[in-house]
Structure formats: C-alpha cells, structure tokens
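*Asks:* The following comprises the amino acid sequence and a computationally predicted model.
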Amino acid sequence: QKEVEQDPGPLSVPEGAIVSLNCTYSNSAFQYFMWYRQYSRKGPELLMYTYSSGNKEDGRFTAQVDKSSKYISLFIRDSQPSDSATYLCAMSSPRADMRFGAGTRLTVKP
Amino acid sequence: DTEVTQTPKHLVMGMTNKKSLKCEQHMGHRAMYWYKQKAKKPPELMFVYSYEKLSINESVPSRFSPECPNSSLLNLHLHALQPEDSALYLCASSQGQGADEQYFGPGTRLTVT
C-alpha cells in the first residue's frame, strides 16, 4: 500500500463546475497537508497548506482535512479553463519529509 | 516573495559531459531540496540540505553530486549521466526541514543523449 493514494484521473469538467479532488493516506503521523498545482512543464505551485483536521478557504479553493478518516480534499468552485493542470496532494510530519500523491490531471472545458 | 530560481531552464548533455544545475532562494529558508520528476509522475526526493548540511540522500547514484555553497544556493553536479536520467529537476526550499511548506522553482528540463 502506498503511503499516499491519489486518483490520477484524468478528470474533465465543464467551466463553472465544482471540482472535488481527494487523497487518502496511511501514515497517521502526517500532520501537515498541502495541495500543489502544476502546469505542464512547470514547477509545482503551492495552493493550500493546512495543519491537522479542519477546513481552509482561499478564494475559490477550499481544503479539507479529516485525520480520523485519513482523507483530504481540495474543492475548486466556479472552475475556469485556467485551472486545467495537475493537482498534487502532499503531506509531511516533523520527522518525515514530504510525500506526494500521484497527481490528478484536471481539464476544465470552456 | 516566494521565488525559487533555477538555471538553466533547459539542458542537453551527452553521457560523457559534466554539467551543473543551479538553484537560488532569498527567503531565508534553511532547508533546500532536489527532486527529480519524470513525465506524468510526482516529484521524487533526491537530496535534502538542512542548515547547509546534507541531511538526506535518497540512495541517489553518485553521478549526481549535490553541493550547498551557502544558505541561499544549491547546486547539482552531473557527470556521466544515462539517458534514463532525462527528467525535470526541481529545486525547492522551506523554512525548516519536515513540517514547513515547500516552495518550488520552475525546474530544469534535462535531456541526456
């Protein structure tokens, strides 16, 4: 079993849709959870950083962490074609370096 | 400013060449990282420097040699690479190692011929 599981997709939605991206993990020591957006041939860009369970909102993006279920989510409201990218979840603990999910390829169609 | 810069953007090298990749950050971060990313795969950790000392080497072949001249700079020296080493090489930095969010540079796209 991989430490971090993420469905690679691809996921295709119409413009304006709500997008839900998810990751599960097995290591209960993870405390810090991140979502990165990566455009083709570019470096990952940090979107959201959350600590422990709960929700965090930033503009059209909402990150949720449920540590009891070992499940994290990223929601994108009013999706735009410019949101088309690969979304990587990542997580770490004070004693362990970051572990990435496989990345989900998202296409938002006009 | 959360910028990490990397040079060159693209590099083509033969299997007998020696080249270096460079990374720079001016955020006062004390941890810096090298990752390798193949197409449609997540980044794979290669090396971690914490306070300018190598703290993690993820069993990377010796043809990759990292160097941290100071707290702002990170180099990756390349020698006798193989075609399968062709990939996007990413540098990242964070305030400290482990818990803090990492900021990535744009990467160097390396092709080994």
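*Replies:* Here it is on my side, so go on.

*Asks:* Report the beta-bridge partners for the closest residue to B:I56 other than its chain neighbours.
*Replies:* Nearest non-adjacent residue to B:I56, counting by C-beta to C-beta, 6 or more residues apart in numbering or on different chains: B:V48, 3.8 Å away. No exception for glycine: its C-beta is placed from N, CA and C like everyone else's. Note on B:V48: beta-bridge partners by DSSP bridges are B:Y33, B:I56.

*Asks:* Contacts only, for B:V48.
*Replies:* Residues in contact with B:V48, defined by C-beta atoms under 8 Å, 6 or more residues apart in numbering or on different chains, are A:D97, B:A31, B:M32, B:Y33, B:L54, B:S55, B:I56, B:Q97.

*Asks:* Determine the set of other helices and strands touching the helix-or-strand element of chain A with minimal mean pLDDT.
*Replies:* Lowest by mean pLDDT, DSSP states H and E among the helices and strands of chain A is strand A:96-100, with a mean of 83. Counting contacts by 3 or more C-beta pairs under 8 Å, 6 or more residues apart in numbering or on different chains; DSSP states H and E, strand A:96-100 is packed against strand A:85-93, strand B:44-50.

*Asks:* out of these, which comes closest to B:P106?
*Replies:* Proximity to B:P106 (C-beta to C-beta) singles out strand A:85-93 among these, at 14.2 Å.

*Asks:* one step back: take the contacts of B:V48 and write them to TSV, including distance to A:E5.
*Replies:* Output for the contacts of B:V48, formatted as TSV (distance: C-beta to C-beta, whole Å):
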residue	distance to A:E5
A:D97	18
B:A31	26
B:M32	28
B:Y33	23
B:L54	30
B:S55	27
B:I56	23
B:Q97	25
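
*Asks:* okay, and for chain A, where does confidence drop off?
*Replies:* Low-confidence segments of chain A, defined by pLDDT under 70: A:96.

*Asks:* Enumerate the residues of it near chain B.
*Replies:* Contacts of chain A with chain B, taken as C-beta under 8 Å from any C-beta of the partner chain, map to A:8, A:31-32, A:34, A:36, A:41-46, A:49, A:88, A:92-98, A:100-103, A:105.

*Asks:* which stretches of chain B have low pLDDT?
*Replies:* Across chain B (using pLDDT under 70), the flagged ranges come out as B:1-2.

*Asks:* Taking the centroid of it, which residue is nearest it?
*Replies:* Chain B has B:W34 as the residue nearest its centroid, 3.0 Å off, counting by C-alpha atoms, centre = their mean.
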